[in-house]
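Asks: quick one: sequence and predicted model below, then my questions.
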Amino acid sequence: MSVLDNYNIDLNDVRSDAVDYRFDLDRQFFDAVESTLLRGGNVAVDLKVKKNGGAYAFVFRINGMVQVPCDRCLDDMDLMIETERELTVKVGEEYSDEGDIIILPCDKAVLNVAWIIYEFIALEVPLTHVHEPGHCNAEMAEMLAAHLVTSPEEGEFSDDGDRGQENDGKPSDSRWDKLREILDNN
């Protein structure tokens, strides 16, 4: 039995108006879904499945903390996640997934919500995620600073005013000249 089997929702068991489920996600969950973005965390998921005529309304309330790699130093950092998402599930002839509506075959009306939960969490992670200033891995920050060029004095251009030649003696790309003029005017 897989860890992810615990996330199966059998629609045949939803006989009352609404059924509540609770999932507590930890590193074991994120390892099982083979996540590369989310390295772990402690997330609570409250799921309410409500029968609404011929469809089922799934309402996910997700709250907790996930660990993602810092874009600057690559160490793990914690991000708070809080969201509410909805999904409609119907039973039909064959499987179909069209955005916010999933159709399950009549003979197997079981939906595994593990990947759906993972996707809802991943959608809440910002595109860039970095530690607060001063909290990055100091060793990595030093290595990064050693390779960063932040001003012309540090080797980006020669100081002799000849913008047509870079420090290594090779001619510069003329497409950058207009950008350099903008920088010089600021």
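Replies: Arrived safely, thanks for sending. Numbers count the residues shown, from 1 in each chain.
Asks: hey, let's count contacts and neighbours off CA atoms from now on
Replies: Noted.
Asks: can you give me the strands for the chain?
Replies: Per DSSP state E, the chain carries strands over the ranges 8-10, 18-25, 40-52, 55-69, 76-92, 96-98, 101-105, 110-112.
Asks: what's the end-to-end length of stretch 25-37?
Replies: 15 Å (Cα to Cα, to the nearest Å).
Asks: pLDDT of that stretch, averaged?
Replies: Predicted confidence along stretch 25-37 averages 88 (mean pLDDT).
Asks: which of the strands of the chain sits closest to Ala146?
Replies: Ala146 sits nearest to strand 55-69 of all these, at 21.3 Å, using Cα to Cα.
Asks: spell out which strands sit alongside that closest one in the sheet and which way each one runs.
Replies: Within its sheet, strand 55-69 is paired with strand 40-52 (antiparallel), strand 76-92 (antiparallel), according to DSSP bridges.
Asks: tell me the buried residues in the first one?
Replies: It stands for strand 40-52. Within strand 40-52, the residues that count as buried by 16 or more other Cα atoms under 10 Å are 40-51.
Asks: state the distance from Leu123 to Glu84.
Replies: 12 Å.
Asks: wait, which of the strands of the chain is closest to Arg175?
Replies: That would be strand 55-69 among the strands of the chain, by Cα to Cα, at 35.2 Å.
Asks: let's check: the centremost residue of this protein is which one?
Replies: The geometric centre of the chain, computed from its C-alpha atoms, lies nearest to Ala122 (Cα atoms, centre = their mean), at 3.4 Å.
Asks: tell me the confidence at that residue?
Replies: 92.
Asks: that one: what's it in contact with?
Replies: Residues near Ala122 by Cα atoms under 8 Å, 6 or more residues apart in numbering: 37-38.
Asks: would you mind measuring from it to Gly54?
Replies: Counting by Cα to Cα, the gap from Ala122 to Gly54 is 30 Å.
Asks: if we can go back for a sec, TSV for the buried residues of strand 40-52, including pLDDT?
Replies: Converted to TSV, the buried residues of strand 40-52 look like this (pLDDT from 0 to 100):
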residue	pLDDT
Gly40	87
Gly41	89
Asn42	94
Val43	95
Ala44	96
Val45	96
Asp46	96
Leu47	95
Lys48	94
Val49	92
Lys50	91
Lys51	88
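Asks: among those residues, which one lies nearest to Val66?
Replies: Comparing those against Val66 with Cα to Cα places Gly41 closest, at 4.0 Å.
Asks: the closest one against Gln67, yeah?
Replies: Yes - using Cα atoms under 8 Å, Gly41 is in contact with Gln67, at 5.4 Å.
Asks: and the closest residue to Val19 other than its chain neighbours, bridged to which residues?
Replies: Spatial nearest neighbour of Val19, excluding adjacent residues (Cα to Cα, 6 or more residues apart in numbering): Val49 at 5.2 Å. When assigned by DSSP bridges, Val49 has beta-bridge partners Val19, Phe58.
Asks: Val49 is in contact with Glu86, isn't it?
Replies: No - with contact defined as Cα under 8 Å, Val49 does not reach Glu86; the gap is 10.0 Å.
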